[in-house]
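Trainee: coordinates only, sequence not included:
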């Protein structure tokens, strides 16, 4: 009885458990979502610049995603090439792909649409220019056989600012040592004053 | 069956995952047969297996080694610490300023492929020796004391006593789970920059503890790596121990605890004469250097002895079980099925409007479940054995004492898992050592990465054979600990203890069997 009351008071717990059970039991036929893993690669036999490349399988499709250049910088033109082929017969997908971008910060919510691209020679090309360095997620979304597909790809713009962590570390350690030093000198002064006071008290005759 | 695995591997390798095939079925069958045989063997009546007089006697008949003689000079260890700290700083530099291609940067390769795999394996041979040369502590000690090895009152430390509430390893357990989350969920192992930042964070934490608390509270209570190695080092074959316990019994000055004018006291408040458990010894060798009787040395010991007789606190027990859960969780995340699970949950969470954090939340939720499940199984089976024993004493001490059985199972899987990482992913090590910051380094193509994984440093069959042997040894040791502990809890009653042992052995069997099953799966590698 008490347990039932506890569950009623904590409906969130029930929802989480239900969600996890459903997740494990459900077969997803209506939609697909995948997060690709990056692999930086060079094609030594061609004149193309270094690229970041991801290959992944999603639903009935095999997707290849390439970013040029491999390490894009702020305010420099970059490009995403997306190849989508049906696994069964290698037939290229001929619909449209929508590219969106969002900040990959933990609690960021802003999402922008980069563009909606048709297939040109079986490649979906999307250009981009970023003003700020950072970590982003590019999503490629398309619909096939009445099923939505979403593929997320990580994209880092610019080099991480290296002075930041070292500066913060040195600052933190400096502040810690300073605070401790101040506290210790106050303690020493207090002890010294106490010792002087004790020495100045004349013994009772 | 074997064909099925190869098919899975081939199919999965067409995706983005780079997989190596799992352990062949015949090796797993051998392992399972031995596990079953062991289960039957240990379930037989136990009266004849009371610890013998020689087993009860301290088996740590100290054997002096030349190393102990060398360690009497604190400068020897001091110089080693400086060298290790130098390498550590170089790795931070490489991580922050070098190439961000993970397989070409020393920060990721040395930290995750070499150090993190070898440090766990090294515990079996040299215990917690890593702690003695740990760069986090070296840098923190230098900042707070401005001395590297001679005794010096820390001029920048408040030297407060650690509050009683913090005198446990709960924080270390939480930090260890956090590290695993960062490693597997946030992908720290694939980012040289984040690896360097993590290293700096650990230095700040160690320094903060050093400037506030006396001795080395960070090493003793808070350090996730130190506590992991500390618990595992109960299973090591060597430790620092008294040569003659009678000398310690007569000692009244306790230099090992208080230190001398030249040598620091024991950083973790241990008295050598009463030391029964390796968990908190950080192998700093202060006791070797300070003992006026030259009575402390590195000694050989039985790997299972401490786990049979040592006491354990609630937080240590929790840490132990979490170690087992997290070790297995590492394997689970490398299975090809892992990504679909996370993606499925991510999809649901996204549908709830949590697009930006859905992936991390999904990972965290499944991680939590994976941590909890072995603990729940353990608690249930211990509860069953407690009921079968007629509910003697309270349940808590019963649970705590039996938690030692998780230690060899966790350690065995951890070592077996790390062996695969070490031998499959360290092929480009020479190149990284020659060019640690990866100047002008070019990334590997997917085909090159795949070939690396399939062509390990030694024949993959040998890797699998080693893994089976390690899991079996862990299982046998856990079974021995279970038997002795139950025997002790049931006060030697053979009828009770044989019945009571079954659920506990069931836990050891399930976890060891699951470890073997994990090793059979095709695994996604990092680089």
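Mentor: Arrived safely. Since the structure is predicted, the reported quantities are computational estimates derived from the model, not experimental observations.

Trainee: Could you find the closest non-adjacent residue to residue B:433?
Mentor: Once flanking residues are discounted, residue B:433 sits nearest to residue B:106: 7.2 Å by Cβ to Cβ, 6 or more residues apart in numbering or on different chains. (Glycine included, C-beta is placed from N, CA and C.)

Trainee: Next, the contact list for the closest residue to residue B:212 other than its chain neighbours, please.
Mentor: Of all residues not flanking residue B:212 in the chain, residue B:158 sits nearest, at 5.5 Å (Cβ to Cβ, 6+ apart). Residue B:158 makes contacts with A:180, A:183, A:184, B:211, B:212, B:213, as judged by Cβ atoms under 8 Å, 6 or more residues apart in numbering or on different chains.

Trainee: Now, of the residues you listed, which are buried?
Mentor: Buried members of the contacts of residue B:158, scored by 16 or more other Cβ atoms under 10 Å in any protein chain shown, are A:180, A:184, B:211, B:212, B:213.

Trainee: Could you pull out the strands in the chain for me?
Mentor: You didn't pick a chain, so chain A it is. For chain A, the strands defined by DSSP state E occupy A:32-35, A:39-41, A:51-58, A:61-68, A:78-86, A:96-103, A:111-118, A:124-128, A:134-144, A:147-157.

Trainee: wrong chain, I was asking about chain B
Mentor: B:19-20, B:238-242, B:296-300, B:523-524.

Trainee: quick one: contacts for the residue most central in space within chain B?
Mentor: Centroid-nearest residue in chain B: residue B:228, 4.3 Å away (criterion: Cα atoms, centre = their mean). Contacts were defined as Cβ under 8 Å, 6+ apart; by that measure residue B:228 touches B:120, B:172, B:176, B:323.

Trainee: and the last one, how many neighbours?
Mentor: Residue B:323: 23 surrounding residues under other Cβ atoms under 10 Å in any protein chain shown.

Trainee: What residues does the stretch 51-200 of chain B have near chain A?
Mentor: B:92, B:96-97, B:100-101, B:143-144, B:155-158, B:193, B:196-197, B:200 (Cβ under 8 Å from any Cβ of the partner chain).

Trainee: picking that back up, please convert the strands of chain A to CSV, extending it with mean neighbour count and distance to residue B:426.
Mentor: CSV is the format used below for these (neighbours: other Cβ atoms under 10 Å in any protein chain shown; distance: least, Cβ to Cβ, whole Å):
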stretch, mean neighbour count, distance to residue B:426
strand A:32-35, 22, 27
strand A:39-41, 21, 19
strand A:51-58, 21, 24
strand A:61-68, 21, 29
strand A:78-86, 19, 33
strand A:96-103, 18, 35
strand A:111-118, 14, 40
strand A:124-128, 19, 37
strand A:134-144, 19, 28
strand A:147-157, 20, 25
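
Trainee: do you know which of those strands lies nearest residue B:359?
Mentor: strand A:32-35 (5.9 Å; Cβ to Cβ).

Trainee: Other residues contacting stretch B:453-471?
Mentor: Under Cβ under 8 Å, 6+ apart, the answer for stretch B:453-471 is B:18-21, B:23-24, B:27-28, B:30-31, B:412-413, B:415-416, B:419-420, B:423-427, B:512, B:515-516, B:519, B:525.

Trainee: quick one: which of these sit in helices?
Mentor: B:27-28, B:30-31, B:412-413, B:415-416, B:419-420, B:423-425, B:512, B:515-516, B:519 (DSSP state H).
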